[in-house]
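Trainee: Show me how the following folds:
(one chain, ligands or ions: 1)
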Amino acid sequence: MRIGVLTGGGDCPGLNAVIRSVVRTASSHYGSEVVGFRDGWRGLLEDRTTPLDIAAVDGLLTRGGTTLGSARVAPELLHTGLDRMKDVLAAHRVDALIPIGGEGTLTAAHLLSEAGVPVVGIPKTIDNDIDGTDLTFGFDTAVSIATEMIDRLHTTAESHQRVLLVEVMGRHAGWIALHAGLASGAHVTLVPEEPFDVDEVCRLVSQRFARGDSHVIGVVAEGAVPKAGMELRDGGVDEYGHRRFTGVAQQLGAELERRTGKEVRTTVLGHVQRGGTPTSFDRVLATRFGLHATIAAHESEFGQMVALRGTDIELVPLKTAVARLKTVTPERLAETHAFTG
Ligand code: F6P
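Mentor: Residues are numbered from 1 along each chain as shown. A predicted model of the protein is given here:
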């Protein structure tokens, strides 16, 4: 069998571990070959490949990023490029395609699968917002990095009796903010799922200082939005239809400083959350995903995605996985609120 692999969307710690796992499983267990498409769907559209054998994946387990490269592709290009992608796959005698990616990549995988291409998807994203799987790899690494950074901000904030706002990634889902906030003892956690009231945030800040607390740490997901008290600058949308962020934490910080009279500093963690070596948890999850996706491809279990359910790896239909995003539930928010304020 010949397997095609590509990594799409934003990169994520653990991608290289998956590639290694697919190649090793395909080669050692089945004597199959693997071809990598460069830069996600773009490489498939432009017929740019790289052979992947055991030697090519040596040392990849611990490396961040993706050796195949990644890119975002406008959804229209995928629709209009369907036939082209099928031709390229046929030219490379690919019997099964394993796309590794988040919502956009898996939606495209579903499109290809509906068009008759044998596909087994692998979910990845630091945002952890793919439905159908309990977790995606990359999330644990991002939360660990954010937690360490917030731990560090506690000490400088308390030394200066400041409010420190930390903006973390999370476009539609606040999982990173929720977990990093809970793990680091943040006093305020703001997520996209629950629009915040600026008056209420000011009240919390003033209340904490009034009762003698030394500082306030607020974790703000980049996609958090106010429901009252301020208006965010509008950044419009990018070529992929994503909202362009204008720095919610910075804008909230200015408002807090003006209204509470407290000094506020803002730290935007940005891509540091996606860089570097994956945690051991993510290495294991990525390796298991790669193994089970390769087994599924050899057993012709197409149109599906590998998923973590409890402690097991299962297959779920791509159609269900991409039907909606997995956002933070009110119950999970309530747990966090028990420790904030
Ligand atoms: O989807 C993963 C993600 O890291 C989001 O959390 C973030 O909003 C986005 O990618 C950033 O994308 P880019 O790397 O294109 O700036």
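
Trainee: lowest-confidence helix or strand of this protein?
Mentor: Least confident helix or strand, the chain: helix 75-80 with a mean of 88, by mean pLDDT, DSSP states H and E.

Trainee: which helices and strands sit right next to the next helix or strand after that one?
Mentor: Next helix or strand after helix 75-80 toward the C-terminus (DSSP states H and E): helix 82-91. In terms of contacts (3 or more Cβ pairs under 8 Å, 6 or more residues apart in numbering; DSSP states H and E), helix 82-91 is packed against helix 41-45, helix 103-114. All C-beta atoms are positioned from the backbone trio N, CA, C, and that covers glycine.

Trainee: tell me the pLDDT at residue 239?
Mentor: What the model reports as pLDDT for residue 239 is 84.

Trainee: Please read the previous query as pertaining to residue 262.
Mentor: Taking residue 262 on its own, its pLDDT is 98.

Trainee: Please produce TSV containing the helices and strands packed on helix 82-91, extended by mean neighbour count.
Mentor: Output for the helices and strands packed on helix 82-91, formatted as TSV (neighbours: other Cβ atoms under 10 Å):
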stretch	mean neighbour count
helix 41-45	24
helix 103-114	23
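
Trainee: would you turn those into TSV with mean pLDDT?
Mentor: Conversion of those to TSV gives the following (pLDDT from 0 to 100):
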stretch	mean pLDDT
helix 41-45	97
helix 103-114	96
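
Trainee: closest to the ligand out of the ones you listed?
Mentor: Minimum separation from the ligand across the helices and strands packed on helix 82-91 (Cβ to the nearest ligand atom) falls at helix 103-114, 7.9 Å.

Trainee: and that closest one, is it in reach of the ligand?
Mentor: No - applying Cβ under 6 Å from any ligand atom, one finds helix 103-114 separated from the ligand by no less than 7.9 Å.

Trainee: how distant is that helix from the center of its chain?
Mentor: On the basis of Cα atoms, centre = their mean, to the nearest Å, helix 103-114 sits 17 Å off its chain's mean C-alpha point.

Trainee: Give me the residues contacting that helix.
Mentor: Residues from elsewhere that reach helix 103-114 (Cβ atoms under 8 Å, 6 or more residues apart in numbering): 8-9, 40-41, 72-73, 75, 78-79, 82, 85-86, 97, 99, 101, 119, 121, 123, 125, 129-130, 240, 302-303, 305, 318-319, 321-322, 325.

Trainee: Report the rounded mean pLDDT for the longest helix anywhere in the chain.
Mentor: In the chain, taking DSSP state H as the definition, the longest helix is helix 139-160. What helix 139-160 shows for mean pLDDT is 98.

Trainee: after that helix comes which helix or strand?
Mentor: Remark: after helix 139-160, the chain's next helix or strand is strand 163-168, criterion DSSP H and E.

Trainee: Please name every helix or strand in contact with that next one.
Mentor: Looks like strand 163-168 contacts helix 139-160, helix 175-184, strand 216-221, helix 248-260, strand 264-268 (3+ Cβ pairs under 8 Å, 6+ apart).

Trainee: partners of the third one in the sheet?
Mentor: Next to strand 216-221 in the sheet, as set by DSSP bridges, lie strand 163-168 (parallel), strand 188-190 (parallel).

Trainee: which parts of the least confident helix or strand of the chain are buried?
Mentor: residue 78 (16 or more other Cβ atoms under 10 Å).

Trainee: quick thing: my sequence starts at 860, can you match it?
Mentor: Happy to do that; since the first residue is 860 now, the last one works out to helix 934-939.

Trainee: where's it relative to the chain centroid, distance-wise?
Mentor: Using Cα atoms, centre = their mean, the offset of helix 934-939 from its chain centre is 22 Å.

Trainee: which residues are contacting that helix?
Mentor: 900, 904, 944, 963, 966-967, 970, 1099-1100.

Trainee: Next to the ligand in this structure, residues from the stretch 910-1059 of the chain, please.
Mentor: So the stretch 910-1059 of the chain meets the ligand at 961, 984-986, 1028-1030 (Cβ under 6 Å from any ligand atom).

Trainee: Would you agree residue 955 is in contact with residue 980?
Mentor: No - with contacts counted by Cβ atoms under 8 Å, residue 955 stays clear of residue 980, the gap being 11.3 Å.

Trainee: how long is stretch 1174-1184 end to end?
Mentor: When the termini of stretch 1174-1184 are compared using Cα to Cα, to the nearest Å, they are 18 Å apart.

Trainee: Could I get the buried residue list for that stretch?
Mentor: Buried residues in stretch 1174-1184 (16+ other Cβ under 10 Å): 1174-1175, 1177, 1180-1181.

Trainee: could those residues go into JSON lines alongside secondary structure, distance to residue 1132 and pLDDT?
Mentor: Shown next, in JSON lines, are the buried residues of stretch 1174-1184 (DSSP: H, G, I helix; E, B strand; the rest coil; distance: Cβ to Cβ, whole Å; pLDDT from 0 to 100):
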{"residue": "1174", "secondary structure": "strand", "distance to residue 1132": "29", "pLDDT": "98"}
{"residue": "1175", "secondary structure": "strand", "distance to residue 1132": "26", "pLDDT": "98"}
{"residue": "1177", "secondary structure": "helix", "distance to residue 1132": "27", "pLDDT": "98"}
{"residue": "1180", "secondary structure": "helix", "distance to residue 1132": "23", "pLDDT": "96"}
{"residue": "1181", "secondary structure": "coil", "distance to residue 1132": "24", "pLDDT": "96"}
